[in-house]
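Trainee: Need the 3D shape of this:
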Amino acid sequence: MISKEMTVKLSGGMEARPVAILVQVASQYESSVYLQVGEGKKVNAKSIMGMMSLGLDAGEKVTVVTDGSDEAVAMEEIEKYLGKENE
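Mentor: Numbering: from 1, shown residues only. Predicted coordinates for the structure are as follows:
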């Protein structure tokens, strides 16, 4: 299991289109992928409804947790996507 804090740099935050793309990225991997905000809210990054419920804005910090056979690659790709400033 890998856990890493990241900052959402997508200029519009996590609106419908960026969420859909993130779900597609996360769904490419066998590993489970979760995003956690604060102490309580943890959602499956492969779930559009779960991700939409986070309502993340640009500049917010999230903790990404990956667990499974391809966890390192999944973490790297999620980090690349969340780090894009012009999506």
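Trainee: ok, the residue sitting furthest away from the middle of the chain - contacts?
Mentor: Most distant from the centre of the chain: Ser69, at 18.0 Å, with distances by Cα atoms, centre = their mean. Contact analysis of Ser69 by Cβ atoms under 8 Å, 6 or more residues apart in numbering lists Glu30, Ser31. C-beta here means a position set from N, CA and C on the backbone, and glycine is covered the same way.
Trainee: per-residue confidence at it?
Mentor: We have a pLDDT of 97 for Ser69.
Trainee: Can you tell me how far it is from Tyr29?
Mentor: Plainly put, Ser69 is 9 Å away from Tyr29 if you go by Cβ to Cβ, to the nearest Å.
Trainee: Which neighbours do those two have in common?
Mentor: Residues touching both Ser69 and Tyr29 (Cβ under 8 Å, 6+ apart): none.
Trainee: What strand or helix carries Met75?
Mentor: helix 71-82 (DSSP states H and E).
Trainee: sorry, that was for Met51
Mentor: helix 48-54.
Trainee: hmm, who's touching that helix?
Mentor: Contacts with helix 48-54, where a contact means Cβ under 8 Å, 6+ apart, come from 14, 16, 19-20, 22-23, 35, 37, 41, 43-45, 62.
Trainee: Swap in 6 Å and give it another go.
Mentor: Val19, Val23, Val37, Val43, Asn44 (Cβ atoms under 6 Å, 6 or more residues apart in numbering).
Trainee: export these to CSV and tack on secondary structure and distance to Glu79?
Mentor: Listed next are the contacts of helix 48-54 as CSV, based on DSSP: H, G, I helix; E, B strand; the rest coil; distance: Cβ to Cβ, whole Å:
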residue, secondary structure, distance to Glu79
Val19, helix, 16
Val23, helix, 16
Val37, strand, 16
Val43, strand, 17
Asn44, strand, 18
